[in-house]
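[1] model this:
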Amino acid sequence: MAKWYVMYTKPRQEHMALENLQRQNYTVFYPQARVLKRKAGKGSTAVVEPLFPRYMFVNLEVGVSDFSKLRSTKGCMDLVKFGGKPSTVPAELIELIQSQIDGECVIDLAKLPELEVGSGVRIAEGPFEGLMGTIASQKSDERVIVLLNILGAERSVELQRNQIDSV
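    Purely as a prediction, here's the structure:
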């Protein structure tokens, strides 16, 4: 019976390892995540990066699959081992991750949080970075009005949604 094992890859060579393992007819699962990355002064942009950097999952069957080729595959280091034996991953965990991905093997974690009027937020970037506030209203899908306590008085500030984090 085939089991899932964890492959440790060389730094930033996950795609090379994936391609070479698939070329050798191994069944490989390489989950990725779409996340929001902030860049100073440019707001947030969605990028795709490994869900588990330097790790991927390989489905192998003891006695049938050739384990010896794995270490010499370009981009791969070795299977993760404990006590000298390759460690397995429960199939249920793999199925849970697979149920969350889209057709490109990507989990979307880049969704902006749902904001309700009256909910607390923290300003993540801009001149008010680090201040806590309250959502006063939503101006559009991209902009909100936030009440901030500045110098002892509440002031309303219009911000882009990607400039705030919910608390």
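
[2] For residue 99, the count of nearby residues, please.
    As a burial measure, residue 99 scores 8 neighbours (other CB atoms under 10 Å). C-beta: built from backbone N, CA, C; applies to glycine.

[3] Mind listing what's buried along the strand or helix carrying it?
    Using DSSP states H and E, residue 99 maps to helix 91-100. Within helix 91-100, the residues that qualify as buried are 94, 97, counting by 16 or more other CB atoms under 10 Å.

[4] and what of stretch 103-113?
    For stretch 103-113, burial by neighbour count (16+ other CB under 10 Å) applies to 105, 106, 107, 110.

[5] If the spatially most central residue of the chain is in a bridge, with which residues?
    Closest to where the C-alpha atoms of the chain average out (CA atoms, centre = their mean) is residue 33, at 3.6 Å. Taking DSSP bridges as the rule, residue 33 bridges to residue 49, residue 107.

[6] Double-check it against residue 49; I have them as touching.
    Yes. Counting by CB atoms under 8 Å, residue 49 is a contact partner of residue 33 at 6.3 Å.

[7] so who does residue 11 touch?
    residue 54 (CB atoms under 8 Å, 6 or more residues apart in numbering).

[8] Wasn't it part of a helix?
    No. Secondary structure assignment (DSSP: H, G, I helix; E, B strand; the rest coil) places residue 11 in coil, not in a helix.

[9] measure it to residue 55 for me?
    From residue 11 across to residue 55, the span is 12 Å (CB to CB, to the nearest Å).

[10] Also residue 31?
    Taking CB to CB, one finds residue 31 at 9 Å from residue 55.

[11] quick revisit: please render the buried residues of stretch 103-113 as TSV that adds pLDDT and distance to residue 95 to the earlier fields.
    TSV is the format used below for the buried residues of stretch 103-113 (pLDDT from 0 to 100; distance: CB to CB, whole Å):
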residue	pLDDT	distance to residue 95
105	86	14
106	91	17
107	90	14
110	73	23
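
[12] Below-threshold pLDDT in this protein: ranges please.
    The model of the chain has pLDDT under 70 over residues 40-44, 111-114.

[13] what sits up against stretch 157-167?
    36, 38, 43-44, 112-113, 115, 119-126, 128, 132-133, 139, 141-148.

[14] for that stretch, which positions count as buried?
    Buried residues in stretch 157-167, defined by neighbour count with 16+ other CB under 10 Å: 157, 159, 161, 163, 164.
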